[in-house]
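Asker: Test case, fold it:
(one chain, ligands or ions: 2)
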Amino acid sequence: MIYTVTLNPSVDYIVQVEHFELGGLNRSVMDTKFPGGKGINVSRVMKRLGVDSTALGFLGGFTGSYIENFLKAEGILTDFVQVSGDTRINIKLKSGVETEINGTGPSISEAELDRLLAKIDSLGKDDVILFSGSIPSSLPPSIYASLIQKCREKQIRVIADVSGESLGHVIKTGPFLIKPNHHEIGEIFGVKVETPEEAKQYGSRLLDMGVENVIVSMAEKGALFLNKEVSYFAQAPKGKVKNSAGAGDSVVAGFVSGMAKGKSYKESFALGVACGSATAFSMELCTKQEATSLLEQVHVQSL
Ligand SMILES: Nc1ncnc2c1ncn2[C@@H]1O[C@H](COP(=O)(O)OP(=O)(O)O)[C@@H](O)[C@H]1O
Ligand SMILES: O=P(O)(O)OC[C@H]1O[C@](O)(COP(=O)(O)O)[C@@H](O)[C@@H]1O
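Answerer: Numbering: from 1, shown residues only. Ligands and ions are numbered 1, 2, ... in the order given. So this is what the prediction gives:
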């Protein structure tokens, strides 16, 4: 079974205003909401691509119930730990440009963390687990690395999409795949990464540090896939961006779904890029049809 772990899920509140005025009264021309958080988005896109997963993590309050019910209605398996605080609401403001305000999330008690650890402890070597997204402020930045270490001891395949200080810790655990975007990989090395060549240079350093496979996503420029044998680059398809929240998660979902269906790294990577762009071009996460219709525009080349 594939498991996704979202330590800090969110309700994503997407609000569009015509000309946003800081300090003024703005009225929306469109607003909507969806379950969010990186692992949850990955589970939702994988489901649309025909690949089942179980979503794990922490949920609480009315926002947590909204997410759980929404996922269940989509037929997604869930096994969240219920926490006493409310799951956060993240604001995605569209007004010509995209502005995001992501909340800190509820505090997680030791007992609540132990309940999640028990669920992860029950997994075995045929399972795949994905850890992604920010960490609630009550937990240490090293939490992902210690959870991953436990999984690695049991030979569970680990995928991670995390940023900041926790990414530094995660790299040292030698995961199967990480997916930083070009800003995140730049932050690790204290540089700006703007071209595919630069992404390859720093992605290769992550391979030397023990990561098996790296995808560096570069928004409208596309993405790179690297391991010790191959390095691929794919330009992103062209289109009109409606809401790019969840685009990175969709890349991971497409790639993991491809692998789960026995496709090659190259084919899985192409599907990932198609899913990422299809999500950027829609208000919500991409559908299977939206992703497959973009797939013919994704040309993977060796770099
Ligand atoms: N403006 C865009 N045009 C086309 N594709 C995009 C655009 N923004 C994102 N994407 C697609 O989504 C993928 C992930 O986007 P990116 O912004 O790098 O991820 P993240 O959401 O993790 O920051 C890209 O590799 C690309 O395929
Ligand atoms: O946990 P973080 O880093 O605050 O990110 C959470 C946000 O990221 C998302 O999962 C989208 O992530 P991506 O745009 O990187 O795919 C939103 O659904 C959510 O609001």
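
Asker: On the three-state scheme, the residue in the stretch 151-300 of the chain that ligand 1 sits nearest to is what?
Answerer: Distances between the stretch 151-300 of the chain and ligand 1 by Cβ to the nearest ligand atom are smallest at residue 248, namely 1.9 Å. For glycine as for every other residue, the C-beta is placed from the backbone atoms N, C-alpha and C. Assigned with DSSP: H, G, I helix; E, B strand; the rest coil, residue 248 falls in the helix class.

Asker: Correct me if wrong: it contacts residue 181.
Answerer: Yes - if you go by Cβ atoms under 8 Å, residue 248 and residue 181 touch, sitting 5.9 Å apart.

Asker: who's more crowded, those two?
Answerer: More crowded of residue 248 and residue 181, by other Cβ atoms under 10 Å: residue 248, with 26 against 21.

Asker: Send me stretch 149-166 as CSV with only the CA atoms.
Answerer: Presented in CSV, the C-alpha positions along stretch 149-166 are these (Å, rounded to 0.1, in the frame of the first residue of the first chain):
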residue,chain,number,x,y,z
GLN,A,149,14.8,6.6,9.7
LYS,A,150,12.3,4.2,11.3
CYS,A,151,10.9,3.4,7.8
ARG,A,152,14.3,2.9,6.3
GLU,A,153,15.2,0.4,9.0
LYS,A,154,12.2,-1.7,7.8
GLN,A,155,13.2,-1.2,4.1
ILE,A,156,10.1,0.8,3.4
ARG,A,157,10.5,3.0,0.3
VAL,A,158,10.4,6.7,1.3
ILE,A,159,9.5,9.7,-0.8
ALA,A,160,9.8,13.2,0.7
ASP,A,161,8.6,16.7,-0.4
VAL,A,162,9.6,19.0,2.4
SER,A,163,11.4,22.3,2.6
GLY,A,164,13.6,24.5,4.8
GLU,A,165,15.6,23.0,7.7
SER,A,166,13.7,19.7,7.6
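
Asker: Quick check: residues of the stretch 151-300 of the chain near ligand 2?
Answerer: Neighbours of ligand 2 within the stretch 151-300 of the chain, by Cβ under 6 Å from any ligand atom: 245-249.

Asker: coming back round to it: quickly list what's touching both of residue 248 and residue 181.
Answerer: Counting by Cβ atoms under 8 Å, 6 or more residues apart in numbering, the common neighbours of residue 248 and residue 181 are residue 217.

Asker: picking up where we left off before, now do the same contact list for the nearest residue to the residue of the stretch 151-300 of the chain closest to ligand 1 once chain neighbours are set aside.
Answerer: Of all residues not flanking residue 248 in the chain, residue 217 sits nearest, at 5.4 Å (Cβ to Cβ, 6 or more residues apart in numbering). For residue 217, the contact set (Cβ under 8 Å, 6+ apart) comprises 179-182, 223, 247-248, 251, 276.

Asker: which of those residues lies closest to residue 99?
Answerer: Closest approach between the contacts of residue 217 and residue 99, by Cβ to Cβ: residue 247, at 15.8 Å.

Asker: shouldn't that closest one be in contact with residue 276?
Answerer: Yes - Residue 247 lies in contact with residue 276 (Cβ under 8 Å); the separation is 4.6 Å.

Asker: When these two are compared, which one has more neighbours?
Answerer: The neighbour comparison of residue 247 against residue 276 (other Cβ under 10 Å) goes to residue 276, with 35 against 24.

Asker: What count of nearby residues applies to residue 22?
Answerer: Counted with other Cβ under 10 Å, residue 22 comes out at 5.

Asker: Secondary structure element for it, which one?
Answerer: If you go by DSSP states H and E, residue 22 is not part of any helix or strand.

Asker: Next, work out how far apart the residue nearest to residue 248 and residue 199 are.
Answerer: Residue 217 is 9 Å from residue 199, where distance means Cβ to Cβ, to the nearest Å.
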